[in-house]
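Peer 1: Here is a sequence with its predicted model. Questions after.
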Amino acid sequence: MAEQLENIKVCVLGGGSFGTAIANIAAANGYPTYQWMRDDERVNEINREHRNSKYLPDAKLTPRLKATANLKTALAGTRLVFVAIPSKSFREVVQEAKAHADARQFWISTTKGIEETAFHLMSDIFRNELPDCANGVLSGPNLAKEVAKEALTATVIASSSEQLRGLVQEVLSNKYFRVYANTDMYGVELGGALKNIYAIISGMAAALDQGENTKSMLITRSLAEMSRFAVVMGANPLTFLGLSGVGDLIVTCTSSLSRNYRVGYALAKGDTLEHICDSLGEVAEGVNTTRTVHLKAVEMGVAMPLVEGLYKIIYEGVPVEKVIRQLMLREQNSDVEFILPRVEDQNLSITGGV
């Protein structure tokens, strides 16, 4: 990279689990890193004890990571700004922060959600509020607690800016965290938001003691729905074969560490949505995303039977068993959504690496 290490300051807006995990990586890699949050008690804990006991209780953070409740301090001289804020509060925080922003900064969203009012993704909010700053999205199969435990993990940085992509790869890559690049920002971002819906459905299936056949069917049909919807929205369907698509879908649909999976599991066991969300302690984006995506799919005429079924369960109180019965009685369509044209009599070579 053309930029020198000492010239790169990193800021993470948000004090939750994933924001803390990536702030810790950047700081441990030697980059001056500030993590901003509103909670003074959490700020003091990170600075004095090098812990975030609320969100990552088992993780020891590097002393190099500095926390602050002052936005101006956090953003002063910053080159990379990661925004790890729930979608409901994302715009509000960006609006508050833009008084301290400058055009040289790169702004990256790690939020996997959709703003309900006008179906805005987080990158849309960046373009609305910070039109002079290049932006990107970081997404993938990245359970924060596993990242904090230094489990081998891969993620995707998507942006139209090659410089932004390269800088994020340099700042966050280490022996256990690998960063791949993609130019389809919209597809990467949609994949991260949509998979939360299907994680809720998979949690329900687990609670109902459904078998491995059922899990496999749900994940593959979820991928079909995700890509079908995303293509109508303008994304590349092949993006959904990568880490931010099928990779993220698999981990959130099979792991009890996924907040959305736990929501579905508890719902199927008879708990109320209000009690579930209160007990989580963190935002499960899939609940609001289900309503937002269902309404958008109806508006655009996109068939999304799994989303429709979950919407009926959460927002219309239809029993799970009835929804399952309706889904299984639907017309049987083709298996694969998108078929690439067969290329004959050409010498094709596919290269790549781990």
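Peer 2: Cool, the structure landed.
Peer 1: Pretty sure Ala284 is one of the things Arg259 touches, is it not?
Peer 2: Yes - checked against Cβ atoms under 8 Å, the pair Arg259 and Ala284 is within contact range at 4.4 Å. (C-beta placed from N, C-alpha, C; glycine too.)
Peer 1: Would you mind splitting the protein into its domains for me?
Peer 2: For the chain, whose domains are defined here by automatic domain parsing, the residue ranges read 7-183, 187-328.
Peer 1: which residues of the protein score low on pLDDT?
Peer 2: Residues of the chain meeting the criterion pLDDT under 70: 1-6, 282-283, 329-354.
Peer 1: Residue nearest the middle of it, spatially speaking?
Peer 2: Residue closest to the mean C-alpha point of the chain, counted by Cα atoms, centre = their mean, is Lys112 at 3.2 Å.
Peer 1: Can you verify my assumption that that one contacts Ser139?
Peer 2: Yes - when contacts are counted by Cβ under 8 Å, Lys112 is listed as touching Ser139 (6.4 Å).
Peer 1: can you list residues touching both of these two?
Peer 2: Common neighbours of Lys112 and Ser139 (criterion: Cβ atoms under 8 Å, 6 or more residues apart in numbering): Gly192.
Peer 1: what's the distance between Gly211 and Leu310?
Peer 2: 20 Å (Cβ to Cβ, to the nearest Å).
Peer 1: Looking at those two, which one has more neighbours?
Peer 2: The residue with the greater number of neighbours, taking Gly211 and Leu310 and applying other Cβ atoms under 10 Å, is Leu310; the counts read 27 against 9.
Peer 1: ok so, going back, and the residue nearest to the centre of the chain, helix, strand or coil?
Peer 2: Following DSSP: H, G, I helix; E, B strand; the rest coil, we place Lys112 in the coil state.
Peer 1: That one: what's it in contact with?
Peer 2: Contact criterion Cβ under 8 Å, 6+ apart gives 139, 192-193, 195-196, 285 as the residues in contact with Lys112.
Peer 1: With secondary structure and neighbour count as added columns, please give the residues you listed in TSV.
Peer 2: Listed next are the contacts of Lys112 as TSV, based on DSSP: H, G, I helix; E, B strand; the rest coil; neighbours: other Cβ atoms under 10 Å:
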residue	secondary structure	neighbour count
Ser139	strand	30
Gly192	helix	30
Ala193	helix	24
Lys195	helix	33
Asn196	helix	27
Glu285	coil	24
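Peer 1: Pick the one among the residues you listed closest to Ser53.
Peer 2: Here the nearest of those to Ser53, counting by Cβ to Cβ, is Glu285; it sits at 23.2 Å.
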